[in-house]
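In: Sequence and computational prediction follow.
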Amino acid sequence: MASALKISRLLSRSSFSSISRGGNGYLGATLSKYSTASAVEEPIKPGVEVEHTQLLIDGNFVDAASGKTFPTLDPRTGEVIAHVAEGNSEDVNRAVAAARKAFDEGPWPKMTAYERQRIMLRAADLIEKHNDDIAALETWDNGKTYEQSAQIEIPMLVRLFRYYAGWADKIHGLTIPADGPHHVQTLHEPIGVAGQIIPWNFPLLMFAWKVGPALACGNTIVLKTAEQTPLSALYVAKLLHEAGLPSGVLNVVSGFGPTAGAALASHMDVDKLAFTGSTDTGKAVLELAARSNLKPVTLELGGKSPFIVCEDADIDQAVELAHFALFFNQGQCCCAGSRTFVHERIYDEFVHKAKARAAKRAVGDPFKGGIEQGPQIDSDQFEKILKYIRSGVQNGATLETGGDRLGDKGFYIQPTVFSNVQDDMVIAKEEIFGPVQTILKFKDLREVIQRANNTRYGLAAGIFTKDIDTANTLTRALKVGTVWVNCFDTFDAAIPFGGYKMSGQGREKGEYSLKNYLQVKAVVTPLKNPAWL
Ligand code: NAI
Ligand code: MG
């Protein structure tokens, strides 16, 4: 096992001011003391080794059937971290066969729920023990800050596993008073083999949101990681096996969407599909599922979430929270507060302060203490974001700060703020998925409700106000799956998450996610002597 990465070596704890944690969720940022965006220097060594690059099928690390590999890159430099086995349809077939066998013949669905719970709890303990190594691997492969990985995301992964372990022995059916002399009950049974396709922005959180409930319900899994971030899931899946997960229950296939991903979505022996990613790819996998065996599909897709700052808001706090809502995780959040609506009476002051806050955002090597923003995930996303920035300028929005790449190596982008943004501009309509804040002006509540809802997305919204009536009105009027009032990105394993409209179908996390992984069987038995009862 690689030597543990010493947090103290990398972090100056006193300087950790960018994100304040609340319980196991995360809350809005506090003011940072870093005054200028730092230049990008020589990359810091991650302090962890890459141990697993093969596919994990039936409890063993194996090469792809084709023998092919693909490189996974360090977003700080664009250099290769490791070559990873490239799974294709043949590998997906092997993985599904292993998961099928583990479901039909293996101990996992049959063991007592208490035993399943104990394995999941042991896994959570092991993940916690390896927190720093996993965090380093995640930061290296993804570019998010080490502080975020080590202090927020891996602890949330642990929390997710403990939460769903807690559910394992509390899943049960009902006894139903039907009209007639019958004993009627429902059995809640696992669906079978779950296919899960995850993105690169929160690789391990997406892993946990999907694997946690599927395991608690007694299913077996084939998980396809994103091609940009294959490393951390392999590491964590190995720990699950060390905790006692039987072979074949969790299979991990690295590879690309149109090959491995499509093979999983269209597989006749996959009983359920869960997907997180872009709306377009969500449509494609839904179609593949429908065309093959009609497997039920859970989709968690894109967003263009409004963050509404009302006229009674404390402006400094609102600026900080709106900044956090957009820039967190390099702006690569499905629920990013990417349309900042500000009341006209405080608009100018807000823009002035939002610009100043973005201009002093600490951008640099994500392994360095105090850094708030690392590089974007890859060159595709980097180019896409720069293109959106150019379109904002061309469409006449005011570029307040940023607007270009940072440094000449890797995928760093300057924190960017646009004011005078109009609803019909491309930057106000499409998901940018980068560090680009767009600030729009509104006059009254009716108008902002209409404009906030005028999008094909409906993932989340933020509201900033001291007025309970305003909060209640907005909360109920907004067509979104999550409303954060005077907070943003406050997540917990127990809180459901998902989208209205084209932001998705179904809910993940919390109790709501269990039904994605359960079948309900109604059992009806005639009562022999109803008159006696
Ligand atoms: P994507 O939706 O294409 O990829 C997400 C996952 O789907 C990856 O594992 C990928 O390999 C897989 N995939 C791709 N094509 C597939 C297919 N035909 N069949 C089955 N699986 C397939 O997203 P991508 O290209 O990484 O990013 C594009 C945009 O999507 C981003 O700019 C962002 O706007 C959005 N996005 C949204 C995310 C969210 O959290 N909702 C996460 C990542 C991206
Ligand atoms: Mg990578």
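Out: Everything's here; your move. Ligands and ions are numbered 1, 2, ... in the order given.

In: What parts of the protein come near ligand 2?
Out: 72, 73, 141, 228 (C-beta under 5 Å from the ion). C-beta: built from backbone N, CA, C; applies to glycine.

In: Quick one: mark the members of those that sit in helices.
Out: Counting by DSSP state H, the residues of the chain next to ligand 2 place residue 141 in helices.

In: Hmm, residue 54 and residue 62 touching each other?
Out: Yes. Applying C-beta atoms under 8 Å as the test, residue 62 and residue 54 come out as touching, 5.6 Å apart.

In: Now do the shared contacts for these two.
Out: Residues touching both residue 62 and residue 54 by C-beta atoms under 8 Å, 6 or more residues apart in numbering: residue 85.

In: Now residue 182: closest residue in space that isn't a chain neighbour?
Out: residue 524 (5.2 Å; C-beta to C-beta, 6 or more residues apart in numbering).

In: Okay, the one you found and residue 517: tell me how far apart.
Out: Per C-beta to C-beta, to the nearest Å, residue 524 is found 24 Å from residue 517.

In: quick one, which of those two is more surrounded?
Out: A direct count of neighbours by other C-beta atoms under 10 Å for residue 524 and residue 517 places residue 517 higher, at 29 against 11.

In: for the more buried one, what are its contacts?
Out: Residues near residue 517 by C-beta under 8 Å, 6+ apart: 190, 191, 194, 213, 214, 216, 217, 219, 272.

In: rerun that using 10 Å as the cut-off
Out: Going by C-beta atoms under 10 Å, 6 or more residues apart in numbering, residue 517 touches 164, 171, 188-192, 194, 210, 212-219, 221, 271-272, 274, 296, 298.

In: Which residue ranges make up the domains of this protein?
Out: Following automatic domain parsing, the chain resolves into domains at 51-301, 306-485.

In: Let me have those domains in a markdown table, extended by mean pLDDT, mean neighbour count and distance to ligand 1.
Out: A markdown table is the format used below for the domains of the chain (pLDDT from 0 to 100; neighbours: other C-beta atoms under 10 Å; distance: least, C-beta to the nearest ligand atom, whole Å):
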| stretch | mean pLDDT | mean neighbour count | distance to ligand 1 |
| --- | --- | --- | --- |
| domain 51-301 | 98 | 21 | 2 |
| domain 306-485 | 98 | 21 | 3 |
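
In: Same list, those domains, but as a markdown table with distance to residue 530 please.
Out: Converted to a markdown table, the domains of the chain look like this (distance: least, C-beta to C-beta, whole Å):
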| stretch | distance to residue 530 |
| --- | --- |
| domain 51-301 | 4 |
| domain 306-485 | 46 |
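
In: ok, back up a step: among the residues of the chain next to ligand 2, which are in strands?
Out: The strands, defined by DSSP state E, take in 72, 73 from the residues of the chain next to ligand 2.

In: Chain neighbours aside, what residue packs nearest to residue 512?
Out: Computed as C-beta to C-beta, 6+ apart, the closest residue to residue 512 that is not its neighbour in sequence is residue 496, at 4.2 Å.

In: Same check on residue 257?
Out: Per C-beta to C-beta, 6+ apart, closest to residue 257 is residue 281, 6.5 Å.

In: Now that neighbour. Its backbone dihedrals?
Out: Backbone torsions of residue 281, given as degrees, to the nearest 10, read phi -70, psi -30.

In: so who does it touch?
Out: If you count contacts by C-beta under 10 Å, 6+ apart, residue 281 has them with 197, 199, 257, 258, 261, 262, 265, 275, 299, 301, 302.

In: mind redoing it with 8 Å?
Out: Applying C-beta under 8 Å, 6+ apart to residue 281 gives the contacts 257, 261, 275.
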